[in-house]
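> Here you go, sequence then predicted model.
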Amino acid sequence: VTVEMKSSKVAIVRMNRPPVNALSKDLMHGLRRTICDLEDNDVKGIVLTSSSKVFCAGLDLAELLNPTQEFVSSFWKELQGLWITLYSSRLVTVAAVNGAAPAAGCMLALSCDYRMMSSKNVIGMNETKFGLFPPPWFVELMADTVGRRKAEMLLLQGTLLSTEDALACGMIDQIVE
Ligand SMILES: CCCCCCC/C=C/C(=O)SCCNC(=O)CCNC(=O)[C@H](O)C(C)(C)COP(=O)(O)OP(=O)(O)OC[C@H]1O[C@@H](n2cnc3c(N)ncnc32)[C@H](O)[C@@H]1OP(=O)(O)O
């Protein structure tokens, strides 16, 4: 995770785990620590974005291949901790979605106060496409953002929306070129 101060009050927080910013346990820990440190330093707002062409590919599936019970438990704790920290942060949080944002990548964006997204990208929770279902708090985030029925349809079908369709249903707030 890298931090660039745009002024004394606004920080650009970039996920920097090539090639796709898959959320490993370490990346989630680093993100959470970064947000907490900025909160402690009188910063007012952050822009969460990526240093590569993918915003965030969601959870690191490689780390979740044949894990021990202990690892799954600590991974889950880190995931929940990151969500709680970002969602409940006192900072003004803006997601600048500058690449694909599937599954937990979408969760990060929906946990922010405002979402802008570049065109020709995709965002959504596609877990059902590979036999998983998003955790309940992912579901609630989506329902709070786009409405319950729309969320049910998107989540059941594991739909990834284009930037334009995401704007049309309110999943994002602005398209930025
Ligand atoms: C503790 C239990 C938790 C249960 C939770 C259930 C909820 C699950 C939430 C999730 O987030 S699951 C993850 C879902 N993510 C996806 O479906 C995204 C999959 N990836 C893609 O669609 C694409 O990679 C991309 C993000 C659109 C980028 O495409 P691009 O063409 O730019 O790159 P690729 O050539 O596809 O990938 C490059 C490289 O990265 C590896 N990779 C991609 N995604 C992941 C990932 N999520 N985890 C780990 N690794 C990933 C991909 O395999 C390639 O690797 P190499 O072949 O180069 O080694």
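Sure, I can see it.
> What count of nearby residues applies to whichever residue of the chain sits closest to the ligand?
With CB to the nearest ligand atom as the measure, Gly58 is the residue of the chain nearest to the ligand, at 2.5 Å. C-beta: built from backbone N, CA, C; applies to glycine. Around Gly58 there are 21 other residues, counting by other CB atoms under 10 Å.
> and if you look at the one 5 residues further on?
By other CB under 10 Å, 16 other residues sit near Glu63.
> Likewise for the one 4 residues further on?
Number of residues near Pro67 (other CB under 10 Å) recorded here: 13.
> so what's the backbone phi/psi at the closest residue to it other than its chain neighbours?
Nearest residue to Pro67, sequence neighbours excluded (CB to CB, 6 or more residues apart in numbering): Phe75, at 7.1 Å. Main-chain dihedrals, Phe75, degrees, to the nearest 10: phi -60, psi -50.
> I figured the residue of the chain closest to the ligand was touching Ala103, is that so?
Yes. Using CB atoms under 8 Å, Gly58 is in contact with Ala103, at 3.3 Å.
> Strands along this structure, start to end?
2-5, 10-15, 45-50, 92-97, 101-102, 114-117, 122-124, 160-162, 174-175 (DSSP state E).
> Without its sequence neighbours, what residue ends up closest to the residue most central in space within the chain?
Centroid-nearest residue in the chain, with CA atoms, centre = their mean: Leu108, separated by 1.7 Å. Nearest residue to Leu108, sequence neighbours excluded (CB to CB, 6+ apart): Cys56, at 5.8 Å.
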